[in-house]
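Student: next one to model:
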Amino acid sequence: MKKVLSKTLGGLTSAYYLRHLFFGAAISAFFIYMALQSDAIKYNELVIYTVNTLLYPYARFVYESIMDFILGNNVFISNAILFMGMKIMTMVLCWAAAILIAPVGLAYLYYYHSKNQ
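Tutor: Numbers count the residues shown, from 1 in each chain. Next up is the predicted model:
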C-alpha cells in the first residue's frame, strides 16, 4: 500500500504540488469567504472545498499535460489581461472538477512510476 501511495500521491514534485496547492487554497478561501458573506456555509461544503483543494494539483497536472500535448512547444502572443482571465478561469474549472479529473492524473502517475521501476 505504501508503494501505491508513493507512486500516486507522491508522484508530483514537491515544488509543483505546493505551488498548485497554494492556488487551490486561494480559490477555496475565496469561495469560503463568499459563503460566509451570505451566512450559508455548510459542513459538507467545507469538506468538498478541502477535497478539491487537495486534489487540485493532480487535476491541474492532467490539464497541463493535455495542453502540452495539443499546443506543443508553440509560443502565443496575446493580450495579457485576456490571458490572465483565461488562466484564472481554467484554474477555477480545474479546482471545481478536481474530484472528477484528479483520478486520471493519479492513475497516470501510478502507471508512469511503475513503468520506470
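
Student: for I99, the count of nearby residues, please.
Tutor: For I99, the count of nearby residues is 15 (other CB atoms under 10 Å). (Each C-beta comes from the backbone N, C-alpha and C, glycine too.)

Student: next up, the contacts around it.
Tutor: I99 makes contacts with I48, V51, N52, L55, as judged by CB atoms under 8 Å, 6 or more residues apart in numbering.

Student: what about the closest residue to the second one other than its chain neighbours, which helix or strand?
Tutor: When you say that, I think you mean V51. In space, and not counting its chain neighbours, V51 is closest to I99: 6.0 Å by CB to CB, 6 or more residues apart in numbering. Per DSSP states H and E, I99 falls inside helix 98-116.

Student: what about that helix, distance to the chain center?
Tutor: Centre-to-centre, helix 98-116 and its host chain are 13 Å apart (CA atoms, centre = their mean, to the nearest Å).

Student: for it, what is the average pLDDT?
Tutor: Average pLDDT, helix 98-116: 83.

Student: sorry, back to before: closest to S78 out of the contacts of I99?
Tutor: Among these, N52 lies closest to S78 (CB to CB), at 28.3 Å.

Student: contacts only, for that closest one.
Tutor: Per CB under 8 Å, 6+ apart, neighbours of N52: G24, S28, W95, A96, A98, I99.

Student: burial of the fourth one, as a residue count?
Tutor: Just to be clear, that refers to A96. Around A96 there are 16 residues (other CB under 10 Å).
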